[in-house]
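K.L.:
Here's a sequence, model it:
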Amino acid sequence: MAKQPKSLNGRVIAITGAARGIGKATAAALVREGARVGIGDIDAELARRTADELGGGVRAYGLDVTSRPSVSEFLDSVERDLGPLDVMINNAGIMPVGPFLEETDASAVRQLDINVHGVLFGMKEALPRMLPRRSGHIVNLASIAGKGGFPHLATYCASKFAVVGATESVRAEYLDSGIDFTYVMPSLVDTELTAGLSAGRGIEKAKPEDVAEAIVDALKFPRVEVFVPKVVGRISAVMQAMPRSARERIGRAFEGDKVMTQADMSQRAAYEQRAAASEPTPLEQVDEQREPVA
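P.N.:
Below is the predicted model of the structure:
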């Protein structure tokens, strides 16, 4: 008998970094499934506009994932407004591109704060809400960069290796808790984060909607590893069984060594600046700044 999918109708789902890109697409897909969705983002005003656009009762909140109190407040608000948390999707992340020795210490620290500590804080705040009910699902956005190293992406790769390792470890710790864990490993996705980048020979950029569909599927049919597109997972599995020299030759054949080194930095300028300088804006301040409706 075929396994029956879990229903997402009425499920309370929190998504970090969801004002745009993969997070926004995932929120939209979950609304279509009947879920009750709360989105958090450092850009509180954009999160509000995104929630208005998505409809379906989506709630928006200001969120700084580098601050555990902010993550706690976010989830408190989601539960107050929507009900007990069923799913936590740790999606927020940044990806500066450039040579390792030219990377500033501030950039490295910010990547680790957002990409790693943001995920750790998300799990630390979500799990205590789920464990008493022995039910819940945590989804962490990693990357194919969490399975291999890419030139000009050293700290980002390190951060995504950390997401994979942390998810595996926490899952093992809570194996019999009733909580499901998933980490998602997209290749390049056509969002602002990958502006100026080409996916490499024979591989096209995925769409945010592709990742959203994969996340929804993993929530319905729980599994730990999710590659987007699926072919990347098959390629990764084959390559891991090969000697290092063979893996590197194949990687070069697919131009994996050139994806970041040949980035068009003029196309990435706006994203790089925003990722480096973004600061949280309290939603209360956003409300004060909004012009009154006539």
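
K.L.:
Does residue 146 touch residue 161 like I think?
P.N.:
Yes. Using C-beta atoms under 8 Å, residue 146 is in contact with residue 161, at 5.1 Å. (Glycine included, C-beta is placed from N, CA and C.)

K.L.:
what's in contact with the host helix or strand of residue 210?
P.N.:
Assigned by DSSP states H and E, residue 210 falls within helix 208-220. Contact with helix 208-220 is made by 5-8, 21-22, 24-26, 28-30, 33, 87, 89, 137, 139, 182, 184, 186, 189-191, 226, 228-229, as judged by C-beta atoms under 8 Å, 6 or more residues apart in numbering.

K.L.:
from the residues you listed, which ones fall inside strands?
P.N.:
87, 89, 137, 139, 182, 184, 186, 226, 228 (DSSP state E).

K.L.:
count of neighbours near residue 132?
P.N.:
For residue 132, the count of nearby residues is 8 (other C-beta atoms under 10 Å).

K.L.:
same check, this time on residue 24
P.N.:
26.

K.L.:
Name the spans of the stretch 1-150 of the chain whose pLDDT lies under the cut-off.
P.N.:
1-2 (pLDDT under 70).

K.L.:
Are we agreed that residue 47 is in a strand?
P.N.:
No. Per DSSP: H, G, I helix; E, B strand; the rest coil, residue 47 lies outside any strand segment and is helix.

K.L.:
who touches it in this structure?
P.N.:
Neighbour list for residue 47: 18-19, 39-41, 60-63 [criterion: C-beta under 8 Å, 6+ apart].

K.L.:
With secondary structure as added columns, please give those in TSV.
P.N.:
What follows is those, written out as TSV (three-state DSSP):
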residue	secondary structure
18	coil
19	coil
39	strand
40	strand
41	strand
60	strand
61	strand
62	strand
63	coil
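
K.L.:
that older thread, top of the ones in strands among the contacts of helix 208-220 by neighbour count?
P.N.:
Using other C-beta under 10 Å as the neighbour test, the ones in strands among the contacts of helix 208-220 are led by residue 89, with 29 neighbours.

K.L.:
That residue: what's it in contact with?
P.N.:
13-16, 18, 23, 26, 139, 141, 215.

K.L.:
List buried residues within the residues you listed.
P.N.:
Applying a neighbour-count criterion of 16 or more other C-beta atoms under 10 Å, the buried members of the contacts of residue 89 are 13-16, 18, 23, 26, 139, 141, 215.
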